[in-house]
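In: Build me a structure from this.
(chains A and B, ligands or ions: 4)
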2 protein chains.
Amino acid sequence: MSEDVRVEVGLGERAYDILIGPGLVARAGAEIGRRLPGIRAAIVTDENVAQRHLEMLKTGLDRGGIASSTIVLPAGEKTKSFAALQEVVDGVLAARLERGDAVIAFGGGVIGDLAGFAAGIVRRGMNFVQMPTSLLAQVDSSVGGKTGINSARGKNLIGVFHQPKLVLADTAVLDTLPIREFRAGYAEVAKYGLIDRPDFFAWLEANWQEVFAGGPARIEAIAQSCRAKADVVARDEFETGDRALLNLGHTFGHALEAAVAYDGARLVHGEGVAIGMALAHRFSARMNLASPDDAARVEAHLKAVGLPWRMADVPGGLPDADALLSFIAQDKKVSRGALTFILTRGIGQSFIARDVPVSEVLAFLKENHPG
Amino acid sequence: MSEDVRVEVGLGERAYDILIGPGLVARAGAEIGRRLPGIRAAIVTDENVAQRHLEMLKTGLDRGGIASSTIVLPAGEKTKSFAALQEVVDGVLAARLERGDAVIAFGGGVIGDLAGFAAGIVRRGMNFVQMPTSLLAQVDSSVGGKTGINSARGKNLIGVFHQPKLVLADTAVLDTLPIREFRAGYAEVAKYGLIDRPDFFAWLEANWQEVFAGGPARIEAIAQSCRAKADVVARDEFETGDRALLNLGHTFGHALEAAVAYDGARLVHGEGVAIGMALAHRFSARMNLASPDDAARVEAHLKAVGLPWRMADVPGGLPDADALLSFIAQDKKVSRGALTFILTRGIGQSFIARDVPVSEVLAFLKENHPG
Ligand SMILES: NC(=O)c1ccc[n+]([C@@H]2O[C@H](COP(=O)([O-])OP(=O)(O)OC[C@H]3O[C@@H](n4cnc5c(N)ncnc54)[C@H](O)[C@@H]3O)[C@@H](O)[C@H]2O)c1
Ligand SMILES: NC(=O)c1ccc[n+]([C@@H]2O[C@H](COP(=O)([O-])OP(=O)(O)OC[C@H]3O[C@@H](n4cnc5c(N)ncnc54)[C@H](O)[C@@H]3O)[C@@H](O)[C@H]2O)c1
Ligand SMILES: [Zn+2]
Ligand SMILES: [Zn+2]
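Out: Ligands and ions are numbered 1, 2, ... in the order given. Model (predicted):
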């Protein structure tokens, strides 16, 4: 009956489906039960999502005969902590779930990363289902099996690769997502165009209003994004090569997030990525790798959709260039004064650049620093 | 120059060597450096091992040009906790190690399980080297990639599979091991005979004094044990089948450990396993699967080497049979009143028995309960 879009993540014996479409929360029990018959489940979610959508999910699971318990956590990046991980692990064990039972992540990327990590370590790996409810999670974090939490020393430094058995992206739940979060997720959609799909980027420039408005264009954008991510993941599951391209915008972005101490009131992940992508293009132009026109085109599009695109857009100011560089160096391997970055030769022509001189990065940060 | 015994764990692209012999701590830098050139390392160890052997390891690594930092934890099972895991993870990140650098576990099974888990989750998986210093760790826990910590709800419920790149078992460091711990480790050696190597068990009956005394018989027993474990692991890396045989004696053993709240003063792991193996044989006889003579032979051998072999041997008394059963049920999947156990048809003829009636186990516990 349903007309979900299906995208397959081709990982051999770990292959799984991503279903995209409205109403999947209400049909979750049927879709999960078909693939994992006879299981019980622990739902991991956050307070915002629980308030709006948990009852529907409970009903949806019930209908499929899946008994479930629920672990509700505070919303926000600070929940990707050791303390929250322990809480989820304890909750799953308290529910007496076995390896074959499932942890269901029902929320944004924070919940997906945390719950996936917990599923990866309880009994050395339980079944795991992603039900992403933010745009960012639907197009990015729920696909590919990277899970984890943050450390005081940097983001996502602790975790495992643990692939879900199924991803259910209910596009209708996005309607309750705050517009700012929707926009932040859109940065990752645009990213796939900028990495290696110039036609998709051009399509977004022409159709972004429809994507924001909802309907078929939104589903199309999410499906294209999932396909793009699934392609990269299938080529390089454990990030030993190509998968690093997905970090376009993330080296600068993570440094900005760290600089505001992961304070979501000032900067959420996708906003950091938006600024980071603009900086990666501008820096590529400065290194004579790409045309300044391409950098300007990226900046213009981010600006058009209402995303921040330059350091000056971070409210409350930033530490100086040296401090920002030290956040970058903390996140990345610095070997003999050089850094690895994702740079670009133009729209949709990004590449992994090793040996980027630290001195050039520092000079660039100084030139572009607002303060 | 060295005459180490080499046992290979045949896991395809995750294959690795176990080297067994005296003096490997002093030669660690050379052996590790040959396989992982150019790395830095974080040594994870406990206070007992650090006091006796850390300086030698530091020297050994230095000689091979491997710079290292050290994380020292309290000795004992309680160190397999979330808090200690976080301490190790933080320490490894503080040392700024990368994915290609190595965590070295230098200690008994507690340190190996904990450090291996940390290595498995820092940056989603770093290189890992096992340097087991207890007999139990040399013959069992350091081989096979199971890592983890305990939960209030049971032992080893949280962890990952993360194979080491190399295992260095220096048989000379066993000389500082308390005799009680040596004996406990010996229980796991005997286990391999009881699982499927009747000739090895007979050899142990004849040669156990030499194994305890040290010298070639000890090295031979350790090598045989590693070969036995490597065989099972190579057949079933992720414990979806056969590997469960390694749990011979562990279902009862874990219940006893839980019943004394993991108080090592009363019962250490190997002692629990010794009693558990004797109970598994006695229970198999009770179920008319094996001859009571075989059970008596197992009991006699454990008794001869000075290991506990019956519930009455646990100092300080035990909770009643119902309580013990609930510890077993907590550890194991109970489906429709049945449990999975490793039972036996005789010495070296163990098998995975599904559907063992809970009622039989309870009756057996009552009959054999000392209180
Ligand atoms: N694992 C990966 O591969 C990967 C990839 C990219 C990002 N990430 C991680 O994802 C995280 C960011 O994800 P995010 O942007 O989804 O953050 P998030 O999970 O914090 O969600 C953003 C906010 O939206 C709320 N929300 C979510 N769905 C909602 C809904 N339907 N209605 C109302 N409110 C809703 C949440 O409660 C939260 O307040 C970061 O931690 C990042 O590191 C992971
Ligand atoms: N991962 C696996 O496959 C696996 C298999 C079996 C057991 N285990 C785990 O192993 C643990 C038990 O291991 P264990 O018996 O080695 O315990 P342990 O690590 O606590 O070591 C026993 C004691 O001996 C001391 N010690 C170790 N080496 C020494 C030396 N050379 N000299 C002096 N003292 C020394 C330790 O400090 C400790 O006090 C349990 O947690 C068990 O769950 C894991
Ligand atoms: Zn991102
Ligand atoms: Zn054991």
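In: what does stretch A:338-353 contact?
Out: With Cβ atoms under 8 Å, 6 or more residues apart in numbering or on different chains as the test, stretch A:338-353 has contacts from A:193-201, A:242, A:244-245, A:247-251, A:280-281, A:283-284, A:287, A:289-291, A:294, A:297-298, A:328-329, A:332-333, A:354-358, A:361. All C-beta atoms are positioned from the backbone trio N, CA, C, and that covers glycine.
In: One more: stretch A:219-238?
Out: For stretch A:219-238, the surrounding residues in contact (Cβ under 8 Å, 6+ apart) are A:5, A:7-11, A:14, A:18, A:20-21, A:135, A:138-140, A:143-145, A:161, A:163, A:167, A:169, A:171, A:188-189, A:192, A:195-197, A:200, A:204, A:207, A:211, A:241-243, A:245-246, B:124-125.
In: if we can go back for a sec, the contacts of stretch A:338-353 in helices, which ones?
Out: Counting by DSSP state H, the part of these found in helices is A:193-196, A:198-201, A:250-251, A:280-281, A:283-284, A:294, A:297-298, A:328-329, A:358, A:361.
In: Now, of those, which are buried?
Out: A:193-196, A:200-201, A:250-251, A:280-281, A:283-284, A:294, A:297-298, A:328, A:361 (16 or more other Cβ atoms under 10 Å in any protein chain shown).
In: burial count for A:Asn156?
Out: 18 (other Cβ atoms under 10 Å in any protein chain shown).
In: hang on, it in a helix?
Out: No: read with DSSP: H, G, I helix; E, B strand; the rest coil, A:Asn156 is strand and lies in no helix.
In: So A:His254 sits against A:Lys155, correct?
Out: Yes: contact between A:His254 and A:Lys155 holds when scored by Cβ atoms under 8 Å: they sit 5.5 Å apart.
In: So for these two, which residue has more residues nearby?
Out: Between A:His254 and A:Lys155, counting by other Cβ under 10 Å, A:His254 is the more crowded of the two (24 against 21).
In: That one sits in which helix or strand?
Out: A:His254 belongs to helix A:250-259 when elements are defined using DSSP states H and E.
In: got the angle for that helix vs strand A:154-158?
Out: Relative orientation of helix A:250-259 and strand A:154-158, computed by axes from the mean of the first three to the mean of the last three Cα atoms, to 10 degrees: 110 degrees.
In: buried ones in helix A:250-259?
Out: A:250-259.
In: quick one: that helix to chain centroid distance?
Out: Offset of helix A:250-259 from its chain centre (Cα atoms, centre = their mean, to the nearest Å): 14 Å.
In: and that helix, what other elements does it pack with?
Out: Here helix A:250-259 touches strand A:154-158, helix A:269-286, helix A:321-331, strand A:338-344, going by 3 or more Cβ pairs under 8 Å, 6 or more residues apart in numbering or on different chains; DSSP states H and E.
In: Can you give me the neighbour number for the closest residue to ligand 2 within chain A?
Out: Nearest residue of chain A to ligand 2, counting by Cβ to the nearest ligand atom: A:Arg124, 10.2 Å away. When counting by other Cβ under 10 Å, one arrives at 22 neighbours for A:Arg124.
In: quick one, phi/psi of A:Ile167?
Out: No, residue A:167 isn't Ile; it's Val. Main-chain torsions, A:Val167, degrees, to the nearest 10: phi -120, psi 120.
In: Give the bridge partners for it, please.
Out: Residues in a beta bridge with A:Val167, per DSSP bridges, are A:Ile18, A:Gln130.
In: what's the burial count for it?
Out: Counted with other Cβ under 10 Å, A:Val167 comes out at 28.
In: middle-most residue in chain A, spatially?
Out: A:Ser141 (3.4 Å; Cα atoms, centre = their mean).
In: now check the longest helix belonging to chain A, is it near ligand 1?
Out: Longest helix of chain A, by residue count under DSSP H: helix A:216-235. No: Helix A:216-235 lies out of reach of ligand 1 by Cβ under 6 Å from any ligand atom, never closer than 8.4 Å.
In: Could I get the buried residue list for that helix?
Out: A:217-234.
In: Remind me what the helix or strand where A:Ala187 lies packs against, helices and strands.
Out: Using DSSP H and E, A:Ala187 maps to helix A:179-196. In terms of contacts (3+ Cβ pairs under 8 Å, 6+ apart), helix A:179-196 is packed against helix A:135-136, helix A:198-213, helix A:216-235, helix A:269-286, helix A:292-305, strand A:350-357.
In: Quick one, which of those gets closest to B:Pro178.
Out: helix A:216-235 (49.4 Å; Cβ to Cβ).
In: the inter-axis angle of the closest one versus helix A:198-213?
Out: Going by the same axes, to 10 degrees, helix A:216-235 makes 130 degrees with helix A:198-213.
In: Number of residues surrounding the residue nearest to A:Pro370 when sequence neighbours are not counted?
Out: Using Cβ to Cβ, 6 or more residues apart in numbering or on different chains and skipping the chain neighbours, the partner closest in space to A:Pro370 is A:Ala312 (3.6 Å). Neighbours of A:Ala312 under the rule other Cβ under 10 Å: 14.
In: what kind of secondary structure is A:Ala312 in?
Out: Secondary structure of A:Ala312, per three-state DSSP, is helix.
In: Touching, it and A:Ile275? I think so.
Out: No: A:Ala312 is not in contact with A:Ile275 according to Cβ under 8 Å; the separation is 9.5 Å.
In: what distance separates the helix or strand of chain A with the lowest mean pLDDT from the centre of its chain?
Out: The helix or strand of chain A with the poorest confidence is helix A:321-331; it has a mean of 87 (mean pLDDT, DSSP states H and E). The chain centre lies 22 Å from the centre of helix A:321-331; the measure is Cα atoms, centre = their mean.
In: Show the secondary-structure elements that that helix is packed against.
Out: Under the contact rule (3+ Cβ pairs under 8 Å, 6+ apart), helix A:321-331 is packed against strand A:154-158, helix A:250-259, helix A:358-368.
In: ok so, going back, can you tell me which of the helices and strands packed on helix A:250-259 is most buried?
Out: When you average the neighbours per residue for each of those (mean count of other Cβ atoms under 10 Å in any protein chain shown), helix A:269-286 leads with a mean of 27.
In: so it versus strand A:154-158, what angle?
Out: Using the same axes, to 10 degrees: helix A:269-286 against strand A:154-158 is 110 degrees.
In: what residues does chain A put near chain B?
Out: A:82, A:86, A:89-90, A:93-94, A:98, A:117, A:120-125, A:146, A:148, A:151-154, A:157-161, A:238-239, A:333 (Cβ under 8 Å from any Cβ of the partner chain).
In: And the buried ones among those residues, selectable in ChimeraX?
Out: To isolate the buried members of the residues of chain A next to chain B in ChimeraX, using 16+ other Cβ under 10 Å:
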select /A:82,86,89,90,93,117,120,121,122,123,124,125,146,148,151,153,154,157,158,159,160,161,239
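In: Just the ones in strands from the residues of chain A next to chain B, please.
Out: Secondary structure from DSSP state E places A:151, A:154, A:157-158 of the residues of chain A next to chain B in strands.
In: any idea how far B:Ile149 is from the residue of the stretch 151-300 of chain A found nearest chain B?
Out: With Cβ to the nearest Cβ as the measure, A:Arg153 is the residue of the stretch 151-300 of chain A nearest to chain B, at 4.6 Å. Computed as Cβ to Cβ, to the nearest Å, the A:Arg153 to B:Ile149 distance reads 21 Å.
In: do A:Pro74 as well
Out: 25 Å.
In: Is it possible to mark the buried ones in the contacts of stretch A:219-238?
Out: A:5, A:7, A:9, A:18, A:20-21, A:135, A:138-140, A:143-145, A:161, A:163, A:167, A:169, A:171, A:188-189, A:192, A:195-197, A:200, A:204, A:211, A:243, A:245-246, B:124-125.
In: rewinding a little: who are the contact partners of the residue of the stretch 151-300 of chain A closest to chain B?
Out: A:Arg153 neighbours (Cβ under 8 Å, 6+ apart): A:330, B:90, B:93-94.
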